[in-house]
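K.L.:
The sequence isn't on hand, but the structure is:
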């Protein structure tokens, strides 16, 4: 079940993708399951552990009430507390999807937690269809954090299909983007689009985002199935050249470990993707002035 | 030398990529060479013929004076006249790279010409290193044209590495992006990066741009070598799902023909890439407000 990357190296961050299958609504069991896998990742020397979207709650809610009942405030909720304890125990960082409640609002969020406790939150910006019934769109943008000697950003699932996601973080010098996702094997809007095509699009987006911003991207899947929907799985670690350096080989629980050298982001940031030298923002205006497409008359 | 696509179909545009090798400075010979290949494309039923970057002039200039001497005004110059005649003769459209002079300024441009004559110009926005010594950055943005029953946009070479290029056209409903390029087999800034990696990046950018904007993208290479620099070639036609449907198999003169159905762009524009529904421009501000990357303190 484990795919080991290069051996530990002081100049690199050893990252573990924890592909796993949370069960809808079973927060206590899901967190316990995640802790078991984090323990295993720590044994493999991981210094950053990445877990999937809505890892503590599951994804396929039947109603907003069901989501609300399992959501929790950040950082005072029970899940962040449990993850904070395991991060402290193993002296590692982790990023994981979490169902967040902030007053009356729900967010599909991710938390960054270090050995010293809670660090920061990302709230999913590009919600996917039915999610709009339960969650608010993220209102925090795409911040980055200085941590583990580098610059880290987060996004979630559908965010990874949008080049704007990577670029906004790229413009903040991001060196490592981590994300969880929950992608069913069949496109609910196009039945003939099966897992091969879905995995192709998944890889294409993550690889392009990595290359075009010269950043590592670590994408971690929910495995298994939920409510009759099998998942594509396919967790990947992509280097700043856009190459896949590690990929899950199963659709179930799986740990992928790779030592990611943040120095690998430097070359392209100074050459082909030196934004200061090459970008021409005077011609990009529509990207922020226009939401939908408007064909010419 | 020819790779035939599906047979002709009234609802599709039959497109020919003309991969060819212009010779530096030899405008008359290059245009004659292009006309021979356009004749051949017309025999194969092409209704749109796409030629490479700086097709009439070659690319590797030794000085600005050398480029200036072969540049010409658009549409009054000799090259546009010759291409206008061949487009009228075969009742087809063509897009080709051209070395443009506008007063004292030089641009690395592409022209769109139809059976009725000149239609429009694109000027390369993202110049590549030494090009800045000869050419001005494009000052026309990324316009699109209604033509051949669809919406067409253009870009050139390094423009294809920037997601902003595709997105600005996507926000104008583009259905077909055509581009020429001139990409040497070895990265001049990284000798160990050879043709396989260069082709990988080329495909990745074009495929991602097509998928993320649900548009056809037709990318046409200069083949052969120039001034000791062998080219990657690798002309491709990519569908709106991001899949390569035709790809050059040689590094020399080659015609790729494929019938592209613009209706294939509709599905994703109405679902996963329905920009009006999904884009969150309130979080994209840095893309147009900041040129270079600024890491956090």
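P.N.:
That came through fine. Computed from a prediction, not measured in an experiment: that's the story for all the values here.
K.L.:
Tell me where the model's unsure across chain A.
P.N.:
A:1-11 (pLDDT under 70).
K.L.:
Of all residues in it, which one is nearest the centre?
P.N.:
With distances taken as C-alpha atoms, centre = their mean, residue A:179 lies nearest the centre of chain A, 0.8 Å away.
K.L.:
In three-state terms, label residue A:246 for me.
P.N.:
Secondary structure for residue A:246, judged by DSSP: H, G, I helix; E, B strand; the rest coil, is strand.
K.L.:
Would you confirm that it contacts residue A:255?
P.N.:
No. Look at residue A:246 against residue A:255 with C-beta atoms under 8 Å: they stay out of range, at 10.2 Å. C-beta coordinates here come from the backbone N, C-alpha and C atoms, glycine included.
K.L.:
which of those two has more neighbours?
P.N.:
Taking other C-beta atoms under 10 Å in any protein chain shown, residue A:246 and residue A:255 do not tie; residue A:255 has more neighbours (23 against 20).
K.L.:
any idea whether residue A:42 is helix, strand or coil?
P.N.:
helix.
K.L.:
contacting residues for the residue lying closest to it once chain neighbours are set aside?
P.N.:
Spatially, and ignoring its direct neighbours in sequence, residue A:42 is nearest to residue A:90 (3.8 Å; C-beta to C-beta, 6 or more residues apart in numbering or on different chains). By C-beta atoms under 8 Å, 6 or more residues apart in numbering or on different chains, the residues touching residue A:90 are A:38, A:39, A:42, A:115.
K.L.:
With adjacent residues omitted, what lies nearest to residue A:209?
P.N.:
Distance criterion C-beta to C-beta, 6+ apart; nearest residue to residue A:209, sequence neighbours excluded, is residue A:166 at 3.6 Å.
K.L.:
Looks to me like the one you found is in a helix.
P.N.:
Yes. Using three-state DSSP, the secondary structure at residue A:166 is a helix.
K.L.:
and it, what is it in contact with?
P.N.:
A:174, A:177, A:209, A:210, A:212, A:213, A:215, A:217.
K.L.:
Just the buried ones from those?
P.N.:
The neighbour count (16 or more other C-beta atoms under 10 Å in any protein chain shown) marks A:174, A:177, A:209, A:210, A:212, A:213, A:215, A:217 as buried among the contacts of residue A:166.
K.L.:
And the fourth one, how far from chain B?
P.N.:
With distances defined as C-beta to the nearest C-beta, to the nearest Å, the gap from residue A:210 to chain B amounts to 10 Å.
K.L.:
just the second one next, same as before
P.N.:
When C-beta to the nearest C-beta is applied, the distance between residue A:177 and chain B equals 14 Å.
K.L.:
So which residues of the stretch 1-150 of chain A form helices?
P.N.:
Secondary structure of the stretch 1-150 of chain A (DSSP state H, counting those that start in this stretch): helices located at A:27-43, A:64-70, A:78-90, A:131-134.
K.L.:
Turn those helices into JSON lines, including distance to residue B:273.
P.N.:
Formatted as JSON lines, the helices of the stretch 1-150 of chain A follow (distance: least, C-beta to C-beta, whole Å):
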{"stretch": "helix A:27-43", "distance to residue B:273": "32"}
{"stretch": "helix A:64-70", "distance to residue B:273": "26"}
{"stretch": "helix A:78-90", "distance to residue B:273": "33"}
{"stretch": "helix A:131-134", "distance to residue B:273": "17"}
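K.L.:
between those helices, which gets nearest to residue B:268?
P.N.:
Nearest of the helices of the stretch 1-150 of chain A to residue B:268, taken as C-beta to C-beta: helix A:131-134 at 18.9 Å.
K.L.:
What lies in contact with the closest one?
P.N.:
In contact with helix A:131-134 (C-beta under 8 Å, 6+ apart) are residues A:61, A:63, A:64, A:67, A:106, A:108, A:124.
K.L.:
List the buried residues of that helix.
P.N.:
By neighbour count on 16+ other C-beta under 10 Å, the buried set for helix A:131-134 is A:131, A:134.
K.L.:
Please compute how far it lies from its chain's middle.
P.N.:
Relative to its chain's centre, helix A:131-134 lies at 19 Å (C-alpha atoms, centre = their mean, to the nearest Å).
K.L.:
and of the contacts of residue A:166, the nearest to chain B?
P.N.:
residue A:212 (5.9 Å; C-beta to the nearest C-beta).
K.L.:
what about the closest one, which SS state?
P.N.:
helix.
K.L.:
so how many other residues sit close to whichever residue of the stretch 1-150 of chain A sits closest to chain B?
P.N.:
Closest contact between the stretch 1-150 of chain A and chain B, by C-beta to the nearest C-beta, is at residue A:141 (4.4 Å). Residues lying near residue A:141 (other C-beta under 10 Å) number 16.
K.L.:
how deep is the nearest residue to residue A:234 once chain neighbours are set aside tucked in, by neighbour count?
P.N.:
Sequence neighbours aside, residue A:199 is the residue nearest to residue A:234 in space, at 4.9 Å (criterion: C-beta to C-beta, 6+ apart). Other residues near residue A:199 come to 18 when the count uses other C-beta under 10 Å.
K.L.:
ok, now residue A:66?
P.N.:
Residue neighbour count, defined by other C-beta under 10 Å, stands at 16 for residue A:66.
K.L.:
what do you get for residue A:286?
P.N.:
Residue A:286 - counted by other C-beta under 10 Å - has 21 other residues nearby.
K.L.:
Verify the stated contact: it with residue B:172.
P.N.:
Yes. With contact defined as C-beta under 8 Å, residue A:286 reaches residue B:172; the gap is 7.3 Å.
K.L.:
picking that back up, in strands only, show me the contacts of helix A:131-134.
P.N.:
Counting by DSSP state E, those place A:106, A:108 in strands.
K.L.:
Residue A:176 is in contact with residue A:214, isn't it?
P.N.:
No. The pair residue A:176 / residue A:214 is not scored as a contact, 11.2 Å apart, by C-beta under 8 Å.
K.L.:
The residue nearest to the centre of chain A: helix or strand, and which one exactly?
P.N.:
Here residue A:179, judged by DSSP states H and E, is contained in strand A:176-181.
K.L.:
who does that strand touch, helix- and strand-wise?
P.N.:
On a contact count with 3 or more C-beta pairs under 8 Å, 6 or more residues apart in numbering or on different chains; DSSP states H and E, strand A:176-181 meets strand A:48-50, strand A:93-102, strand A:105-114, strand A:150-156, helix A:195-213, strand A:216-221.
K.L.:
Strand partners (parallel or antiparallel) of that strand?
P.N.:
If you go by DSSP bridges, strand A:176-181 pairs up with strand A:150-156 (parallel), strand A:216-221 (parallel).
K.L.:
Burial-wise, tell me which of those strands comes out on top.
P.N.:
Using mean count of other C-beta atoms under 10 Å in any protein chain shown, the stretch among those with the largest mean neighbour count is strand A:216-221, at a mean of 29.
K.L.:
just how off-centre is that one within its chain?
P.N.:
From the chain centre to the centre of strand A:216-221 is a distance of 6 Å (C-alpha atoms, centre = their mean).
K.L.:
what residues does it touch?
P.N.:
Strand A:216-221 is contacted by residues A:15, A:17-19, A:50-52, A:160, A:166, A:175-183, A:202, A:206-207, A:209-210, A:231-240, A:248, A:260, A:262, A:264-265 when judged by C-beta under 8 Å, 6+ apart.
K.L.:
what about 7 Å?
P.N.:
Here strand A:216-221 makes contact (C-beta atoms under 7 Å, 6 or more residues apart in numbering or on different chains) with A:15, A:17-19, A:50-52, A:160, A:175-181, A:183, A:206, A:209-210, A:231-240, A:248, A:260, A:265.
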